[in-house]
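Q: mind looking at a prediction? Sequence and model below.
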Amino acid sequence: ADFNYGADEYDAEGNEEPKALPEGSETMPYIDESPTMSPQLSARGQESGDGVSPTPTDGLGTGGERDAGKGLEMRKLVLSGFLASEEIYINQLEALLLPMKPLKATATTSQPVLTLQQIETIFYKIQDIYEIHKEFYDSLCPKVQQWDSNVTMGHLFQKLASQLGVYKAFVDNYKIALETAEKCSQSNYQFQKISEELKVKGPKDSKESHTSVTMEALLYKPIDRVTRSTLVLHDLLKHTPADHPDYPLLQDALRISQNFLSSINEDIDPRRTAVTTPKGETRQLVKDGFLVELSEGSRKLRHVFLFTDVLLCAKLKKTAVGKHQQYDCKWYVPLADLVFPSPEESEHCPQVHVIPDHELEDMKMKISAIKSEVQKEKANKGQSRAIERLKKKMFENEFWLLLNSPAIPFRIHNRNGKSYLFLLSSDYERSEWREAIQKLQKKDLQAFVLSSVELQVLTGSCFKLRTVHNIPVTSNKDDDESPGLYGFLHVIVHSAKGFKQSANLYCTLEVDSFGYFVSKAKTRVFRDTTEPQWNEEFEIELEGSQSLRILCYEKCYDKTKLNKDNNEIVDKIMGKGQIQLDPQAVQTKNWHMDVIEMNGIKVEFSMKFTSRDMSLKRTPSKKQTGVFGVKISVVTKRERSKVPYIVRQCIEEVEKRGIEEVGIYRISGVATDIQALKAVFDANNKDILVMLSDMDINAIAGTLKLYFRELPEPLLTDRLYPAFMEGIALSDPAAKENCMMHLLRSLPDPNLITFLFLLEHLKRVAEKEPINKMSLHNLATVFGPTLLRPSEGESKGHLTLASDIWSHDVMAQVQVLLYYLQHPPISFTELKRNTLYFSTDV
């Protein structure tokens, strides 16, 4: 289930990619089938006995957390979130009802905008739905505001569920309402103006007074809402003790809601997703979405439509304001003629020009800085024009990122000669497209050529049939949508079973950030087994993420299949699955165990989430005999060394065998290995060197980062932090040089010598950038915050929004380290010799 009750995860102006369809279904129902949730699955699951269970499930609601206080607190959290989204929903219904009265008033005049019949059809049952929810909201609100252990509200949810008949009537009329609204828009300019910009009131405590939404988007809200209410019931039950008076009432309400969902999923008319070919056969839309095509050497964003017998690649035409939007067909391939070239066949295809990582990272930082500015403008009730300007800039930058980050080739070949190349950022997505096409190709398909009229009709239908309406960038999200999680997700991939025969198996983990999915971690290959036991832990940085995907691969060792194109993935996907990152379930201190089922394979994993501000804490070690969490001056004095032993050993090992490792310092090492190395260094064990030589190089790199991250104060010190922030902001190069060198001189000797030692090492790593893909910028991004971020006492004033992951501070920290990395070599003696000229205190 999904625990995010924003009223707007998906809307008819929508934003999410559709999921591959459930078995046996060729059509997309109206009920949201995006990855965010699937009511079809939750409803069907009941029949198969493995769906949403109305009893408390494992995970959150077990053991110690079942105690009354915690359960009550969680109930209140769930209800508060739901109440906030209920307020938004009521405002949306109000906005929809607003034009109804004046339209009715003109209907009986000599110049009606719409007839009474049309008004009745478009606004059918909206007034009733509004009244039901207004009454529900007015009854629930005081209960949540005056919360205590005796509050009961199960009867309110039971009453709400009992009124779902009104929704049934609405759903039955939905298709006709949409068609009527569309026809009236086309024939009446006045109505078109009204329906394009309905003003929705912002929530009471929101800074924004109104947002503009289309009528089509608002008509979708009631359909989306039933799903939300069902999900919230599921969560409430999870946190309601079985002996609570609300428990049986909520159980009853959930049962009614799920039965309702399952019935409307069966009833929804499949014809919405179909067009008729001139021969009278129905051609249905199975999947659509935005993909990047490499066309004539440049990247273009295309909207790709997969119908039952043809793949059509289109782009949205630029149209004048008020004109109906249309797609322009770039090419199509009948599925009977479509083949996927093997890697060796695709050698003649154009090579993919990959954008350097640091340019992508730069752009992410720009986007995050603009996000912070938008937040500040909103907080200061800034001018809407300034906010719009910032949002436009953000959209342009996000669009650039969406276009330039994908690098995984997805090649499509027409038997009659022409080949096409898409670039995707996620292998999961590539396999979804491939599987959807291959499934359709199992049917008896005929080759054909579309006449220009047929092609025009098919392309014309795309606009109405599409299920993905908006480019997947965060600036297209509504304000009441979940911003996703910012921080660190710790995932342990335990094991997998269900394989038919022995194979060499590994898993990769993908998360979404900036609107698209990227691969973040990879387990080792478990050789020749049907039951791999990886037990590997990864720390994945989340940047507004909402989903985690796990893909299970069989490793290919066949040299003939390995392609020269290094982004080609030739390993075979054995299974794939996705789960929602639910903020409430993940944000507990304990590990949360889960299983993803994919293709008959079950992968067991555990996860826990550390929010950005929690992961930023520097906690001094209670045990001063070790090295982690102990002041650097204490360690160097004890060791009688200038640079701590741990820093020297890790750097030596990385330079010996890791300097050409792709993504060194960026790719997570296995957390259990890092903890083992930490324990050995802390105990000053004699076997350190043997252990280092056997250990995976990413774990050694991870141990070095962890050492700096856990220093009780940053390497560049709390005292100098404000001065570093001011120094890097200076615009005069000479002043900046003076200030930045003076700051280094002001560091205690052990800190300065260690910093210079690390600096030279990172420069040597960056020299191998063509091989290891780690530029100076990438290294500054990894190490900047680690070396500069102030300790807890100092950083109180620095922590702002959790989503300011690339806040101003973090950007400045990266810039400080980058400044020193790009600087000609700095020697300790030279610095100290120049001290005489600079006697001013910092």
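A: Cool, the structure landed.
Q: so what are the domain limits for this protein?
A: Each domain of the chain is listed here as a residue range: 67-267, 274-351+407-471, 485-615, 634-792+799-836, per the TED database.
Q: redo those domains as a markdown table? Include mean neighbour count.
A: Every C-beta, even on glycine, is put in place using the N, C-alpha and C of the backbone. Converted to a markdown table, the domains of the chain look like this (neighbours: other CB atoms under 10 Å):
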| stretch | mean neighbour count |
| --- | --- |
| domain 67-267 | 17 |
| domain 274-351+407-471 | 16 |
| domain 485-615 | 18 |
| domain 634-792+799-836 | 18 |
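Q: and of the ones you listed, who's closest to Ile370?
A: domain 634-792+799-836 (10.0 Å; CB to CB).
Q: pLDDT on that closest one, on average?
A: Mean pLDDT, domain 634-792+799-836: 89.
Q: closest to Leu390 out of the domains of the chain?
A: domain 67-267 (13.9 Å).
Q: switch the domains of the chain over to CSV; also include distance to Phe395.
A: Converted to CSV, the domains of the chain look like this (distance: least, CB to CB, whole Å):
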stretch, distance to Phe395
domain 67-267, 16
domain 274-351+407-471, 9
domain 485-615, 11
domain 634-792+799-836, 17
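Q: right, and those - which one's nearest Ile387?
A: Ile387 sits nearest to domain 67-267 of all those, at 8.8 Å, using CB to CB.
Q: what separates the closest one from the chain centre, distance-wise?
A: For domain 67-267, the separation from the chain centroid amounts to 26 Å (computed by CA atoms, centre = their mean, to the nearest Å).
Q: next: stretch 499-506.
A: With CA atoms, centre = their mean, you get 30 Å for stretch 499-506.
Q: quick one: Leu762 from Pro748, how far?
A: Applying CB to CB, to the nearest Å, the value for Leu762 to Pro748 is 21 Å.
Q: still on that earlier bit, relative to Lys381, which of the domains of the chain is closest?
A: Using CB to CB, the domains of the chain put domain 67-267 closest to Lys381, at 5.6 Å.
Q: average pLDDT for that closest one?
A: Averaging pLDDT along domain 67-267 gives 85.
Q: next SSE after the lengthiest helix in the chain?
A: Using DSSP state H to define each element, the chain has its longest helix at helix 68-97. Downstream of helix 68-97, the next assigned helix or strand under DSSP states H and E is helix 100-107.
Q: which SS class is Glu760?
A: Secondary structure, DSSP: H, G, I helix; E, B strand; the rest coil: Glu760 is helix.
Q: for it, which non-adjacent residue is closest in space?
A: For Glu760, ignoring the flanking residues on the chain, the nearest one in space by CB to CB, 6 or more residues apart in numbering is Pro825 at 7.3 Å.
Q: show me the strands in the stretch 151-300 of the chain, by range?
A: With DSSP state E, counting those that start in this stretch as the criterion, the stretch 151-300 of the chain has strands at 198-201, 210-213, 274-276, 282-295, 298-307.
Q: who touches stretch 83-103?
A: Taking contacts as CB atoms under 8 Å, 6 or more residues apart in numbering, the residues outside stretch 83-103 that touch it are 5-8, 113-114, 119, 123, 126-127, 129-130, 133-134, 136-137, 140-141, 144, 191, 194, 198-204, 213, 215, 218-219, 221-222, 225, 228, 480.
Q: next up, the contacts around the closest residue in space to Gly600 that isn't next to it in sequence.
A: Counting by CB to CB, 6+ apart, Gly600 lies nearest to Gly498, which is 5.0 Å off, once chain neighbours are set aside. Residues near Gly498 by CB under 8 Å, 6+ apart: Gly600, Ile601, Lys602.
Q: which ones among those lie within helices?
A: Using DSSP H, none of those sit in helices.
Q: pick the one among those closest to Tyr819.
A: Checking those one by one against Tyr819 (CB to CB), the nearest turns out to be Ile601, at 48.8 Å.
Q: that closest one and Ile540: what is the separation?
A: Distance, Ile601 to Ile540, by CB to CB: 22 Å.
Q: just Ser431 next, same as before
A: In terms of CB to CB, Ser431 sits 21 Å off from Ile540.
Q: again, but for Pro112
A: 58 Å.
Q: and Thr121, by the same measure?
A: For Thr121, the distance to Ile540 - CB to CB - is 49 Å.
Q: repeat for Ile223
A: Note on Ile223: its distance to Ile540, by CB to CB, is 34 Å.
Q: what's the answer for Val654, then?
A: As defined by CB to CB, Val654 lies at a distance of 22 Å from Ile540.
Q: same check on Phe755?
A: Distance from Phe755 to Ile540, counting by CB to CB: 28 Å.
Q: now do Asn397
A: For Asn397 relative to Ile540 (CB to CB), the value is 23 Å.
Q: quick one on the thing from earlier: so the residue nearest to Glu760 sits in a helix?
A: No. Read with three-state DSSP, Pro825 is coil and lies in no helix.
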